[in-house]
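Structure, please.
(2 chains)
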Amino acid sequence: MLHVAGLTRSFGGVYAVRDVALDVADGETRGVIGPNGAGKSTLFNLISGHLPPERGRVELAGDRIDRLPPHRRAKRGVSIVFQSARIFRHMTVRENVMVGAHLRARSGFPSAVLRLPSHFAAERTIRALAEEALDRVGLLEWADSDAESLPLGQQRAMQVARAVCADPRLLLLDEPASGLRAQERERLARVIEELKSTGVTTMLIEHDVAFVSRLADRVTVMDLGRVIAAGAPDDVRSDPKVITAYLGSEEP
Amino acid sequence: MSISARHGARQARRGPAEPHAAYARPRTGLPSPVLGGIAATALATLLLPLVLDRGGLALYIDIALSACVVVGISLLMGFAGQVSLGQAVFFAIGGYTAAVLVLNDVPPLVGLLAAPVAAGLVALLLGVPLLRLHGHHLAFATIAVHLIFLVVVQQSDTLGGNVGLMGIPGFSVGGIDLADHRSIAFVSWGVLAVVVLVSHNVITSRPGRALRALATSETAAESAGIPVGRYKLTVFALSAAFAGLAGSVWAYYVGFLSPGMFPVSMSITFVVMAAVGGMGSIWGALFGTTAVKLIVSYLGMLGTAGGMPDYAPAVLSYAVYGLLLILILLFLPHGVVPALRDRIVRRWSAPPRTPLDTAGRDPGKAGLPPANGRP
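Have a look, this model is predicted:
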């Protein structure tokens, strides 16, 4: 599904991502772990198109996408949940998630102004999709609340719903579980598992190794912008390079 | 447990559908007494031209046409997050388009329809380079556009140069003469109604949701697949079209056009009106325009009233006007209408909400502030 080769990006002479190569199989859930500053979020932004790469290529299902702007990549099925909360202000939870379903209906300015049937059809479709996604993450009862008024955990869940609502082929989740309580984490894990069962390819940045090990088929470990190890979660955990770079000597 | 069963259980726990309505209420907007008041005001405003004298009609027309421009600015600044200090240019383009057409024996109605198209097209062309800029840079660039426009008009023989275009025929539709002030007042009102309806329909739709989203986070909007640049350009063109439409009615009303009628201060005043009323709100735009126009008009009358000192007009129309604006923006930085609406919505929706939130629910979820929505 995703093929990344020689991907490089630096900030002020310091490499954030350097010659990263990785392949994610169709339907796979890939964990991405590494210490702070390892380049995980930068890698995601390079894949989603919010940062232009200096070198390298990104292919989605065989098509090169590394020169496309973010909205064109979204159209091809790349969805991202950012690490920082990006809430659309002055909008309800439902409306926030409805934005995620933007590409799943067609109705532009003319049909909106003239209230053509396509406008009403689009609104119905988008609303139903948004409510389905909200129900999936357990936020349906908050649909009419102002999005900004939600506690942080629910804001994250809402962003996951927004991304899921786009019906992505590749879902990038940047620390979706941080700041969540145990119960909310469990719910998120179930959502990710459910997505996996419907064939969505997912990449997941996460610090909680147990959480990643449970969900990921394979794990990519990054340090200082490079991939230092990749493999099944258990293999990676016992890799000496990983232990020194990331897990430290406390790893049992 | 299935999803629907879980949802059902939740419904049962929080009781019948009534509390749910309490939740939905802030979104649907204002309570019915307030809506009724607005409807009554609208009806009274509609009938006002029947009783107004000549001076009153002039102010009435001025308010309606300015409001068309300000609604566009409110969309542009409130939803697309773009500043334009050149909206008077599009007002003028609409006026000149209609004037040149009717002076060449084109029916006035065609001129009226061509004006927004012309203004919108110019905005599309200007928008491609301009909308790459942000904030202050964009504001300065739009002022520059305004100054360039004035120079171009002054040099153009077709547009009457510095002297201007004279003898623009009054408005008429299919031989029915609508040139008198009272008819133009109704035409202005009708034009404003179209502008408000179009804006409302845009805001409450798929593209409108996209605009509201990109106003907060362009990054997140892009990752939802929204072509941010194209949407901003469309709103810019739409706001220009509103201004152009109003400009054409203005041209029919006053009967002559010259570059001196469209100073940069006119563009700035439009933005002030939007800021006073509240950005991103149609009602705010209508309120802001009316308030500023009435204040300016009242201060003007006061300044020239008998017994006032010579310096009264200057003091009142600059100092007092400026002071009022500063006070409004200081104490109601989001504009008058959003502030009022929040206050009313909070008052109306608070009582039914409180018992619900304290009824043994998750403490982390209690105490939701009211929805701070925009229409």
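
Show the average pLDDT along stretch A:8-18.
The average pLDDT within stretch A:8-18 is 92.

Go through it and flag the buried ones.
Across stretch A:8-18, burial judged by 16 or more other Cβ atoms under 10 Å in any protein chain shown covers A:8-9, A:15-18. Every C-beta, even on glycine, is put in place using the N, C-alpha and C of the backbone.

From the opening residue of that stretch to its closing one, how far?
Start-to-end span of stretch A:8-18 (Cα to Cα, to the nearest Å) is 4 Å.

and for it, what are the contacting residues?
Here stretch A:8-18 makes contact (Cβ atoms under 8 Å, 6 or more residues apart in numbering or on different chains) with A:7, A:19-20, A:39, A:42-43, A:46, A:51-56, A:224-226.

try 10 Å this time
A:4, A:6-7, A:19-20, A:37-46, A:51-56, A:222, A:224-227 (Cβ atoms under 10 Å, 6 or more residues apart in numbering or on different chains).

Of the residues you listed, grab the buried ones for PyMOL.
In PyMOL, this line selects whichever of these come out buried by 16+ other Cβ under 10 Å:
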select buried, chain A and resi 4+7+20+38+39+40+41+42+43+44+45+46+51+53+56+222+224+225+226+227
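
Mind checking which of the contacts of stretch A:8-18 land in helices?
Within the contacts of stretch A:8-18, residues falling in helices by DSSP state H are A:40-46.

Which members of those residues define the maximum pairwise distance?
A:Lys40 and A:Leu46 (10.9 Å; Cβ to Cβ).

quick one on the thing from earlier: how about the ones in helices among the contacts of stretch A:8-18 in TSV, adding distance to B:Leu47 and pLDDT?
Output for the ones in helices among the contacts of stretch A:8-18, formatted as TSV (distance: Cβ to Cβ, whole Å; pLDDT from 0 to 100):
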residue	distance to B:Leu47	pLDDT
A:Lys40	65	93
A:Ser41	60	94
A:Thr42	63	95
A:Leu43	65	95
A:Phe44	60	96
A:Asn45	58	95
A:Leu46	62	95
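
List just the nearest of these to B:Phe140.
The nearest member of those to B:Phe140, counting by Cβ to Cβ, is A:Asn45 at 31.1 Å.

these two touch, right, that closest one and A:Val78?
No. Judged on Cβ atoms under 10 Å, A:Asn45 makes no contact with A:Val78 at a distance of 11.2 Å.

If we only consider the ones in helices among the contacts of stretch A:8-18, which is nearest to chain B?
Of all the ones in helices among the contacts of stretch A:8-18, chain B sits closest to A:Asn45, with 9.3 Å by Cβ to the nearest Cβ.

show me where pLDDT drops low in the chain?
Since you didn't name a chain, this refers to chain A. Residues of chain A meeting the criterion pLDDT under 70: A:246-252.

actually chain B
Using pLDDT under 70, the flagged stretches of chain B are B:1-30, B:348-375.

Strands of that one, residue ranges please.
B:172-173, B:176-177 (DSSP state E).

thinking again about what came up before, which one of the buried residues of stretch A:8-18 sits closest to chain B?
Distances from chain B to these, taken by Cβ to the nearest Cβ, are shortest for A:Arg9, at 16.5 Å.

Wait, a helix at that closest one?
No. A:Arg9 is assigned strand when assessed by DSSP: H, G, I helix; E, B strand; the rest coil, not a helix.

The nearest residue to it once chain neighbours are set aside and B:Lys293, how far apart?
Spatially, and ignoring its direct neighbours in sequence, A:Arg9 is nearest to A:Val17 (4.7 Å; Cβ to Cβ, 6 or more residues apart in numbering or on different chains). According to Cβ to Cβ, to the nearest Å, A:Val17 and B:Lys293 sit 56 Å apart.

quick one on the thing from earlier: what is in contact with A:Asn45 and A:Val78 at once?
Shared contacts of A:Asn45 and A:Val78, defined by Cβ under 10 Å, 6+ apart, are found at A:70, A:172, B:223.

Could you show which parts of the stretch 201-350 of chain B are in contact with chain A?
Applying Cβ under 10 Å from any Cβ of the partner chain, we find that the stretch 201-350 of chain B lies next to chain A at B:201-231, B:234-235, B:237-238, B:280, B:338.
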